[in-house]
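Student: Give me the fold of what follows.
(2 chains)
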Amino acid sequence: MVKRVGVVVFPGTNCEQETIRAFSVPGQYEVTEVWYDNPLPSGLDLVILPGGWSYGDTLRAGTIARFSKVMTGIVEHAKAGGFVLGICNGFQILTESGLLPGALARNEHLRFRCEVVHCRVEQCNSPFVQSIKSGSVYPLPIAHGEGRYVADEKTLERLEANGQIALRYSSPRGITTNKSNPNGSLRNIAGIVNRDGNVMGLMPHPERRANAITGGDEGLALLHAWSK
Amino acid sequence: MVYEVRIFLKDGLLDPQATTIENALKRLQFSELNSVRLGRTFLLTVEPYTPLERIQEMCKQLLANPVMERYEIREVPS
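Tutor: Down below sits the predicted model:
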């Protein structure tokens, strides 16, 4: 059955085209652009909040976007068990709106990092990664200045215990070290899911690793896993 | 009336900007310096007799992220 995917565009979003392209697989996905100032269309299987600088990152990254008209429908969609994926700025919007725990602070070294890093898929209770063998390592591009995942100890322990950590920054061989952590994220966290596993946020950009001619297409497997 | 809201990263949370400033001041021989915290300030001009609770609501709903930030509010002469 064809899965319906909506890619939300806020003022300042700049990764919607590559995200849409990553789901342009006829017969498998039907992908539509969703404007931030419209209500969320009904019948979507997956809603994606793509990367960019929504509202110019005014105040904090993702803060203003969470009050947009479309977000009401996205919160309802998530509460009803629908899939929601936030990439980079989308992850920041999801933490700001309380759909995911924790927050994304300024990178530890204060530099904007734009490079390919490696992420290890964790044993995680979520359809977003369950069909991928845990321990698999993906080369994924990152591009962010505020990607340091922070949360209090209690929240981190809960994430670990519930299997809510989806991705960790690691070496190409899957070993998590300080050196493989590009931004100082606590416990090398690169991506998490909510308690029910239907909402995921990650800082890396799998949609920028979706075509062999631009370096590789490993990101596609990660983007499509929820529907396998 | 005017309220001043100051927002800081929570104590205990690594604040790399503040650390950079702290190190620079120490390099300038200010050896008496113990620590630096860096924050941001908002001056909110509101209707007369606006209660403090309204400003607290603004902080909770938008101005601060309670996961990583704390806030201080005081009334300032306008």
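
Student: Quick one: neighbours of residue 73, just the number.
Tutor: Using chain A. 20 (other C-beta atoms under 10 Å in any protein chain shown). Backbone N, C-alpha and C define where each C-beta goes, glycine included.

Student: Sorry, I should have been clearer: chain B.
Tutor: Close neighbours of B:I73, defined as other C-beta under 10 Å, add up to 17.

Student: any idea which helix or strand carries it?
Tutor: Assigned by DSSP states H and E, B:I73 belongs to strand B:69-76.

Student: Kindly report the same for B:E22.
Tutor: Per DSSP H and E: helix B:16-27 holds B:E22.

Student: check whether that helix contacts chain A.
Tutor: Yes. Helix B:16-27 reaches chain A (C-beta under 8 Å from any C-beta of the partner chain) through B:P16, B:Q17, B:T20.

Student: which among these end up buried?
Tutor: Neighbour counting by 16 or more other C-beta atoms under 10 Å in any protein chain shown classes B:P16 among the residues of helix B:16-27 next to chain A as buried.

Student: can I get the residues of helix B:16-27 next to chain A in JSON lines with distance to A:G102 and pLDDT?
Tutor: JSON lines is the format used below for those (distance: C-beta to C-beta, whole Å; pLDDT from 0 to 100):
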{"residue": "B:P16", "distance to A:G102": "18", "pLDDT": "93"}
{"residue": "B:Q17", "distance to A:G102": "20", "pLDDT": "93"}
{"residue": "B:T20", "distance to A:G102": "24", "pLDDT": "94"}
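
Student: ok, what's across the strand from the residue in chain A that chain B sits nearest to?
Tutor: As assessed by C-beta to the nearest C-beta, chain B sits closest to A:A103 within chain A, at 4.0 Å. A:A103 has these beta-bridge partners by DSSP bridges: A:V150.
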